[in-house]
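Undergrad: below are the sequence and a predicted model; questions follow.
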Amino acid sequence: MFLACLAPLAVLVADALTGRLGANPINAAELRTGIWSLTFLTATLAVTPLRRLTGWNALAGYRRMLGLFTFAYVTLHFLTWFGIDEFFSLGEIGRDITRRPYITVGFASFLLLIPLAATSSAAMVRRLGKRWKTLHGLIYVAALGGIVHFVWEVKAGMATPARYALVLAGLLLLRFAPRPLRLRRAAPRPQKQKQLIEPPPLEPNRGLTTLLKIEPNV
Amino acid sequence: MLIRRPPDIPSSEITPERGYLDRRAFIAMAGAAAAVAAVPVLGRDLLARAAGGGSARAGGSGADKPTPYDDITHYNNYYEFGTGKTDPARYAGQLVTSPWTVEVAGEVRKPATYHLEDLLRGQTIEERIYRHRCVEGWSMVIPWNGFSLRNLITRFEPTSRAKFVEFTTLYRPSQMPGQRTDVLPWPYVEGLRMDEAMHPLTMVVTGLYGRPLPNQDGAPIRIHVPWKYGFKSGKSIVRIRLMETQPATTWNTYAPSWYGFYANVNPDVDTVRWSQATERRIGEFFRRPTLLFNGYGDQVASLYEGMDLRKDY
């Protein structure tokens, strides 16, 4: 699984070294790391619904890794733009971040992911307790931001961004929709595993729902 | 066809002196070997590469090394074949470009539908090495073959009411897969003010690197306006209409705040989507500063005297 997550990066590096990124390799690298960021983000968000749907609780163990890979690809995406495309020109990226809405949103989403990556360790999960859950609700905001960033970036032709938006909308629906539509827990999990791998279960009416301005359905 | 250098674009403007002299030496050498005569196409290609000379250009004018043929033909926008940069190269092969007719309509005394051969008859095909700047922030240097659009337009005898020229691209969804989607309203329409269209730099293009224009670059006949962003230069033209009023052009209609009608290359006027201050020349690592009017200000700035380029972007 870990190696599979590294594969897109390996392919990117191999293509870069053999000149298979086309005439504008820097732009191609930006596009690819961006696409993989959104893909990993979506995969991370799919873990819990999938686990509830299938009852395959071992999936939960992969959530943190997928989340951290999301952060890794987003960071690569940012660094390709900042370090290679703009060649560390702070003035240039400052202007872009303040003036170009799609970059503003993309950059903000990247910033939002930093505290999530920083609090991903088991020790931090334990230390933050219930607040961890609230904090990590930010991933939904970052996901929305990522989609907006993509939609606003393309000139015309919404097919690809729309696919990501649709999947994300589906995942949001599974988590926050009115109760009859929402997926329930498939099977009770052993207490021990829950404490080690997953933070406390989502309690409606807590920070997340308020954050997303979705009426809790109690 | 005779291939001749145009009088109004001195080679020294597009080639560093050293490269220019090197090329003369190269021509002499090639002439002695009689190799170029034997393989004209390859010879032209080599010539163009030899002419490239220096590397990065410091400041305004100077070294513009022609972008390799493969990059020009495998990295471009031609949404009729798809929105990806390699889609045109992948899908344009199926386009049938012969026979081809061009309708000439509107404010002309000789409206007619011309066969391409009749349209091109009597025109002297020249090689012109033009800078090409895309609104997305990348650029190329392209050795086109063709002639000034004015030589065509005068032949149609425009009336005094002709103030604008509109170019319409082929609409043929059966051979243009992008037209089966609604990414843009089809057909693609672009246009110029009459004085822009009549400027000698504005070019009708029929070839690239001394070869016939490849389908993905707008075969069999396209426009190139080197001081404007690339989207102003329509490809695979089937209709030229002279008009009294400003034509509704595709991108300008699609998103007026991003794509102006004039779309002159201007580093000081950002478009909502992109900063236009710098550009990446295909094949180069560092971005380079973008030049006002894509570096053709000496020739074209007078067209816009008294205009607010921020307002009329």
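TA: Done, it's in.

Undergrad: around chain A, pick out the residues from chain B.
TA: Applying Cβ under 8 Å from any Cβ of the partner chain, we find that chain B lies next to chain A at B:70-71, B:74-75, B:79, B:83, B:85-86, B:136, B:138, B:181, B:183-184, B:254, B:270, B:272-275, B:277-278, B:280, B:282-283, B:285-287. C-beta: built from backbone N, CA, C; applies to glycine.

Undergrad: of the residues you listed, buried ones?
TA: Using 16 or more other Cβ atoms under 10 Å in any protein chain shown as the burial test, the residues of chain B next to chain A include B:71, B:74-75, B:79, B:83, B:85-86, B:136, B:138, B:183-184, B:270, B:273-275, B:277-278, B:280, B:282, B:287 as buried.

Undergrad: circling back: let's see which of the residues of chain B next to chain A end up in strands.
TA: B:138, B:278, B:280 (DSSP state E).

Undergrad: pretty sure the first one contacts residue A:27?
TA: Yes. Under the criterion of Cβ atoms under 8 Å, residue B:138 is in contact with residue A:27, at a separation of 7.2 Å.

Undergrad: overlap in contacts, those two.
TA: residue B:280 (Cβ atoms under 8 Å, 6 or more residues apart in numbering or on different chains).

Undergrad: hey, where'd the strands end up in chain B?
TA: Going by DSSP E, chain B shows strands at B:101-106, B:112-115, B:126-133, B:138-148, B:164-169, B:189-193, B:203-208, B:211-212, B:222-224, B:237-243, B:278-281, B:288-289.

Undergrad: redo these as JSON lines? Include mean pLDDT and distance to residue A:22.
TA: Output for the strands of chain B, formatted as JSON lines (pLDDT from 0 to 100; distance: least, Cβ to Cβ, whole Å):
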{"stretch": "strand B:101-106", "mean pLDDT": "97", "distance to residue A:22": "33"}
{"stretch": "strand B:112-115", "mean pLDDT": "96", "distance to residue A:22": "37"}
{"stretch": "strand B:126-133", "mean pLDDT": "97", "distance to residue A:22": "17"}
{"stretch": "strand B:138-148", "mean pLDDT": "97", "distance to residue A:22": "11"}
{"stretch": "strand B:164-169", "mean pLDDT": "98", "distance to residue A:22": "24"}
{"stretch": "strand B:189-193", "mean pLDDT": "97", "distance to residue A:22": "26"}
{"stretch": "strand B:203-208", "mean pLDDT": "97", "distance to residue A:22": "18"}
{"stretch": "strand B:211-212", "mean pLDDT": "96", "distance to residue A:22": "21"}
{"stretch": "strand B:222-224", "mean pLDDT": "98", "distance to residue A:22": "22"}
{"stretch": "strand B:237-243", "mean pLDDT": "98", "distance to residue A:22": "27"}
{"stretch": "strand B:278-281", "mean pLDDT": "94", "distance to residue A:22": "13"}
{"stretch": "strand B:288-289", "mean pLDDT": "94", "distance to residue A:22": "20"}
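
Undergrad: tell me the contacts of the residue of chain A at minimum distance from chain B?
TA: The nearest approach of chain A to chain B comes at residue A:23, 3.4 Å away (Cβ to the nearest Cβ). Shown in contact with residue A:23 (Cβ under 8 Å, 6+ apart): B:70, B:71, B:74, B:75, B:85, B:282, B:283.

Undergrad: ok, now which ones touch the fourth one?
TA: Looking back up the chat, that one is residue B:75. Counted by Cβ under 8 Å, 6+ apart, residue B:75 has contacts A:22, A:23, A:24, B:85, B:86, B:282.

Undergrad: closest to residue B:234 out of those residues?
TA: Nearest to residue B:234, judged by Cβ to Cβ, of the contacts of residue B:75 is residue B:85 at 18.6 Å.

Undergrad: so what's that closest one up against?
TA: Counted by Cβ under 8 Å, 6+ apart, residue B:85 has contacts A:22, A:23, A:24, B:74, B:75, B:76, B:77.

Undergrad: which stretches in chain A count as strands?
TA: Using DSSP E, strands in chain A do not occur.

Undergrad: so where's it shaky on pLDDT?
TA: A:177-218 (pLDDT under 70).

Undergrad: what's the closest of the strands of chain B to residue A:101?
TA: strand B:278-281 (19.7 Å).

Undergrad: so how far is that closest one off the chain centroid?
TA: 18 Å (Cα atoms, centre = their mean, to the nearest Å).

Undergrad: direction included, what does it pair against?
TA: Using DSSP bridges, the strands paired with strand B:278-281 in its sheet are strand B:138-148 (parallel), strand B:288-289 (antiparallel).

Undergrad: export these to JSON lines and tack on distance to residue A:162?
TA: Supplementary listing: the strands paired with strand B:278-281 in JSON lines, determined by distance: least, Cβ to Cβ, whole Å:
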{"stretch": "strand B:138-148", "distance to residue A:162": "26"}
{"stretch": "strand B:288-289", "distance to residue A:162": "35"}
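
Undergrad: which residues in chain A form helices?
TA: Under the criterion DSSP state H, helices of chain A are mapped to A:2-17, A:25-54, A:63-79, A:90-99, A:101-118, A:122-128, A:130-136, A:138-153, A:159-176, A:191-197, A:207-212.

Undergrad: no, scratch that, I was asking about chain B
TA: With DSSP H as the criterion, chain B has helices spanning B:11-14, B:17-33, B:35-38, B:40-52, B:69-74, B:87-91, B:116-120, B:149-153, B:194-197, B:250-254, B:297-300.

Undergrad: contact partners for the residue nearest the centre of chain A?
TA: A centroid search over chain A (Cα atoms, centre = their mean) returns residue A:41, at 2.8 Å, as the residue closest to the centre. By Cβ under 8 Å, 6+ apart, residue A:41 lies in contact with A:70, A:74, A:139, A:142, A:143, A:146.

Undergrad: recalculate using a threshold of 10 Å.
TA: A:66-67, A:69-71, A:73-74, A:109, A:113, A:139, A:142-143, A:146-147, A:164, A:168 (Cβ atoms under 10 Å, 6 or more residues apart in numbering or on different chains).

Undergrad: farthest pair in these?
TA: A:69 and A:147 (18.5 Å).

Undergrad: off-centre distance for stretch B:258-270?
TA: 17 Å.

Undergrad: show the average pLDDT along it.
TA: Looking at stretch B:258-270 alone, the average pLDDT works out to 92.

Undergrad: so what would you say the end-to-end distance of stretch A:58-69 is?
TA: 18 Å (Cα to Cα, to the nearest Å).

Undergrad: list the buried residues of it.
TA: Neighbour-count burial for stretch A:58-69 [16+ other Cβ under 10 Å]: A:59, A:60, A:62, A:63, A:64, A:65, A:66, A:67, A:68, A:69.

Undergrad: redo the residues you listed as TSV? Include distance to residue B:146.
TA: What follows is these, written out as TSV (distance: Cβ to Cβ, whole Å):
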residue	distance to residue B:146
A:59	61
A:60	64
A:62	58
A:63	59
A:64	59
A:65	56
A:66	53
A:67	55
A:68	54
A:69	50
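
Undergrad: out of those residues, who's near chain B?
TA: Checked against chain B using Cβ under 10 Å from any Cβ of the partner chain, the buried residues of stretch A:58-69 give no members in range.

Undergrad: just the residues you listed now: which is nearest residue B:109?
TA: residue A:69 (67.5 Å).

Undergrad: and the pLDDT for the residue in chain B that chain A sits nearest to?
TA: Chain B approaches chain A most closely through residue B:75 (3.4 Å), counting by Cβ to the nearest Cβ. On pLDDT, residue B:75 comes in at 95.

Undergrad: return the distance of it relative to residue B:146.
TA: 21 Å (Cβ to Cβ, to the nearest Å).

Undergrad: please apply the same query to residue A:58.
TA: 65 Å.

Undergrad: and residue B:78, by the same measure?
TA: 18 Å.

Undergrad: do residue B:236 as well
TA: Counting by Cβ to Cβ, the gap from residue B:236 to residue B:146 is 14 Å.
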